[in-house]
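S.K.: just to be clear, the model below is a prediction. Sequence and coordinates:
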Amino acid sequence: MSSDVMINVLYVDDEVHNLNSFKAGFRRLFNVFTAESALEGRKVLESENIHIIITDQRMPVMTGIEFLESIIPDFPDPIRILLTGYADINAVIDAINKGQVYKYIQKPWMDEDLRINIEKAFEIYSLRKENRELTEQLLLANKQLEFLLRQNLLS
């Protein structure tokens, strides 16, 4: 990715060796944050500007989908990727419908494929952010134009 912005990626998984493997494989490409539980993941989200969230589906206490669904009200912007070793069509459907998941990837991941998916997810994140900013500018310009038109009508 030829951007000056480092991509902040949060990976949530209860398996420490997966977290270590992810960090070792991607720490030079991205700012990698890891969490061993949904609770730890939420704490990272509260303290860091995370662009991409990757989570395992099968974790104790709260599944990956439940975690993603629970953070939507407070953290709607990060792009979500579900990474799991289990092919479960119901989990895929729930991930898309409830957790607003961009991509569903099976373990074990291929580094190059995961890297490309993270970069594509960041492109979507950036485009959504730019779209919001342009919409805000357009609404402000519309209000200013409306004000000017009202002034002309009154004079």
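M.R.: On my side now, so go ahead.

S.K.: got the residue ranges for the helices in this structure?
M.R.: 16-26, 38-47, 64-71, 89-97, 111-154 (DSSP state H).

S.K.: now render these as TSV, adding distance to Val9 and mean pLDDT.
M.R.: C-beta here means a position set from N, CA and C on the backbone, and glycine is covered the same way. Shown next, in TSV, are those (distance: least, Cβ to Cβ, whole Å; pLDDT from 0 to 100):
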stretch	distance to Val9	mean pLDDT
helix 16-26	7	96
helix 38-47	11	97
helix 64-71	15	94
helix 89-97	18	70
helix 111-154	6	92
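
S.K.: and among those helices, the most buried is which?
M.R.: Each of those was scored by mean neighbour count; the highest is helix 64-71, a mean of 22, by mean count of other Cβ atoms under 10 Å.

S.K.: neighbouring contacts of that helix?
M.R.: For helix 64-71, the external contacting residues (Cβ atoms under 8 Å, 6 or more residues apart in numbering) are 12, 38, 41-42, 45, 53, 55-59, 62, 80, 82-84, 91, 94-95, 98-101.

S.K.: about what we covered before: switch the helices of the chain over to a markdown table; also include distance to Met6.
M.R.: Shown next, in a markdown table, are those (distance: least, Cβ to Cβ, whole Å):
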| stretch | distance to Met6 |
| --- | --- |
| helix 16-26 | 11 |
| helix 38-47 | 16 |
| helix 64-71 | 22 |
| helix 89-97 | 27 |
| helix 111-154 | 10 |
